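Chemist: Based on what follows, work out the 3D shape:
(chains A and B)
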Amino acid sequence: MSTTTQTGKPTLLMAEDEEDTASLLRFLLERSGFQVLHAPDGRQAQQMIDTMKPPRLILLDVMLPHLSGLQLLTLIRKKPEWQEIPIIMLTADSSEHDIQLALSSGANDYMIKPFNPRELTARLNRLLKQAA
Amino acid sequence: MSAALPSTVLDNTGWLVTVAIHILIIILFTWTVIIRRLRIVTDRRRQAMVAVWRPILLESLIEAPASLPAIHPHDYILFLYLWNHLQESIKGESSSELCKILYQTGMDRVVHQYLVTGTMRQQLLALVTMGHLKETTAWTRILELAHADNAILSIEAARALTRIDASRAVPVLVPLIAQRPDWSPLKILAILQGAGEHLVAGAIGKAAQHATPMIAARLIRFLASIRNHRALPFIRPLLDRQPLDEDILASCLSLFGQCCDPRDLPTVRGYLSHPTWFIRVQAATALGKMGIDEDEALLIELLSDTHWWVRYRAAEALATLPSMTDEKLTLLVQTLPPGEGRHILTPFVAKRIEASLMTIPGETAA
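Modeler: Numbering: from 1, shown residues only, chains lettered A, B, ... in the order given. Predicted coordinates for the structure are as follows:
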């Protein structure tokens, strides 16, 4: 069962190592009504995945220290309770291969950096509705 | 007396050296403390600045605030770093909202000043900022900087021009791209991609027709790297030239391979038997991207080429050929006579099978 906080806000797990990008994403996501749980690298994201209840949505950067977003994606999809959680991958402009690999490994959507903030929130909300 | 004097002199000298060393140590220690203190003050100032301005800048992505705090001249650079970083992270309407902040704070005037009289660091920052602002009033100055001897400064100016007005910038920049081997190819590719396929195709295609073979080949390689399909009608006539330069031919084959237009398939096949080995290499590589079933036999034949690189690229092309399957490839390795052809193909088969294992069953290999 995926989590919603006591305030009724849906939780979102965000794995992003770049501090400024993480601040930007946190701002946009909190403004869209999510409670954001931030993992600054792949290892911490893995620990959170192992210990926390499934969030409503997951946002994974492809390039992360220690454990890549694609490796995290594979781990997540192996956990029975997490299999249906919508995942959006964040990827750099030129990595077509990463996009194909992410989608074929179970990601629901992807965003290319730099991204349009309104498009990101629209995609998140669409996935949230689909999952509901 | 004569023996005592040198001893006294030596004692005095030793004392003086000791004092000098101690003074030097004290000066160095004090200097280190001062530097450290300055660093702490700067860091605190920086943190305070970021704490104030980051939320304002983020908020301005949605709507520019009505009133803004003043920016101390010491913080101009840091403010511009923050502003530009945010600009580089986003696109769409939010970018325009962020531009309003720069005008509201009067930083646009500072940026103009940096562009004219700033240090190199300030000029670079100003160029990036002007690009994001799409500030046409600075066009002439930025164009001057695009011709600067300094490669870092000039290519950043080129990027700014493209961001400001790509249709105006591309005709000016293509001759520069041709003449500047010191410009980073990766940065050139980023500029060309940002400028738009149609603008780049015409400008580079026409420039390649009139350039020297070395420059033409370089320009076509850029088109190949950005897979510019629209440039093909400009580039195909180059192959009719007599005598045909081999560097141009190799770069044209690379472009054909990247664009995968079936109309170029017969041309590519025709160069598989070219006397020059690197032309055969390019033809084999291109065929691996655009070939069909019947090209398998042509590539298998190249596995026994006299040149190692041709055999290697032919094996790679066979493994990447769109019509090729894991089963067909495995069978091919088993049926090839023992020798270098089989030896060279085996790692590509393994690589291909490994790639298909990485994908979820039922999905196509990436």
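Chemist: can you tell me how far the residue positioned nearest the centre of chain B sits from B:G196?
Modeler: Among the residues of chain B, the one closest to the centroid is B:L186, at 2.2 Å (C-alpha atoms, centre = their mean). Relative to B:G196, B:L186 is positioned 18 Å away (C-beta to C-beta, to the nearest Å). Yep, even glycine has a C-beta here, placed from its N, CA and C like the rest.
Chemist: Go through the helices and strands of the chain and name the one with the lowest mean pLDDT.
Modeler: No chain in the question, so chain A it is. Within chain A, judged by mean pLDDT, DSSP states H and E, the helix or strand with the poorest mean is helix A:96-104; its value is a mean of 82.
Chemist: what's downstream of it, the next helix or strand?
Modeler: The C-terminal neighbour of helix A:96-104 among helices and strands, as given by DSSP states H and E, is strand A:109-112.
Chemist: The helix or strand just after that next one near chain B at all?
Modeler: As assigned by DSSP H and E, the chain's next helix or strand after strand A:109-112 is helix A:117-131. Yes: applying C-beta under 8 Å from any C-beta of the partner chain, one finds helix A:117-131 in contact with chain B at A:117-119.
Chemist: Quick one: name the residues of the stretch 1-150 of chain B near chain A.
Modeler: So far as C-beta under 8 Å from any C-beta goes, the stretch 1-150 of chain B lies against chain A at B:54-55, B:58, B:61-62, B:85-86, B:88-94.
Chemist: 7 Å instead?
Modeler: B:54, B:58, B:61, B:85-86, B:88-94 (C-beta under 7 Å from any C-beta of the partner chain).
Chemist: Run through the residues that contact the nearest residue to B:R241 once chain neighbours are set aside.
Modeler: Spatial nearest neighbour of B:R241, chain neighbours left out: B:I248 (7.8 Å); criterion: C-beta to C-beta, 6 or more residues apart in numbering or on different chains. By C-beta atoms under 7 Å, 6 or more residues apart in numbering or on different chains, the contact set of B:I248 is B:213, B:216-217, B:220, B:238.
Chemist: Which of those lies at the shortest distance from B:D108?
Modeler: B:D108 lies nearest to B:I220 out of the contacts of B:I248, by C-beta to C-beta, at 39.6 Å.
Chemist: Was I right to think the closest one contacts B:A207?
Modeler: No: at 10.1 Å, B:I220 does not count as touching B:A207 under the criterion of C-beta atoms under 7 Å.
Chemist: Tell me, domain by domain, which residues of chain B belong where.
Modeler: Listed by automatic domain parsing, the domain ranges of chain B are B:46-65+B:72-105, B:119-182.
Chemist: Take those and lay them out in CSV including mean pLDDT and distance to B:R269.
Modeler: Shown next, in CSV, are the domains of chain B (pLDDT from 0 to 100; distance: least, C-beta to C-beta, whole Å):
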stretch, mean pLDDT, distance to B:R269
domain B:46-65+B:72-105, 90, 42
domain B:119-182, 95, 31
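Chemist: Can you tell me which residues in chain A are near chain B?
Modeler: Proximity of chain A to chain B (C-beta under 7 Å from any C-beta) is limited to residues A:20-21, A:23-24, A:27, A:97, A:100-101, A:104-106, A:113-119.
Chemist: Please list only the buried members of those.
Modeler: Among those, the ones that count as buried by 16 or more other C-beta atoms under 10 Å in any protein chain shown are A:20-21, A:23-24, A:27, A:100-101, A:104-105, A:113-117.
Chemist: Run through the residues that contact B:P243.
Modeler: Under the criterion of C-beta under 7 Å, 6+ apart, B:P243 has no contact partners.
Chemist: Just to be sure, it is in a strand?
Modeler: No: using DSSP: H, G, I helix; E, B strand; the rest coil, the assignment for B:P243 is coil, not a strand.
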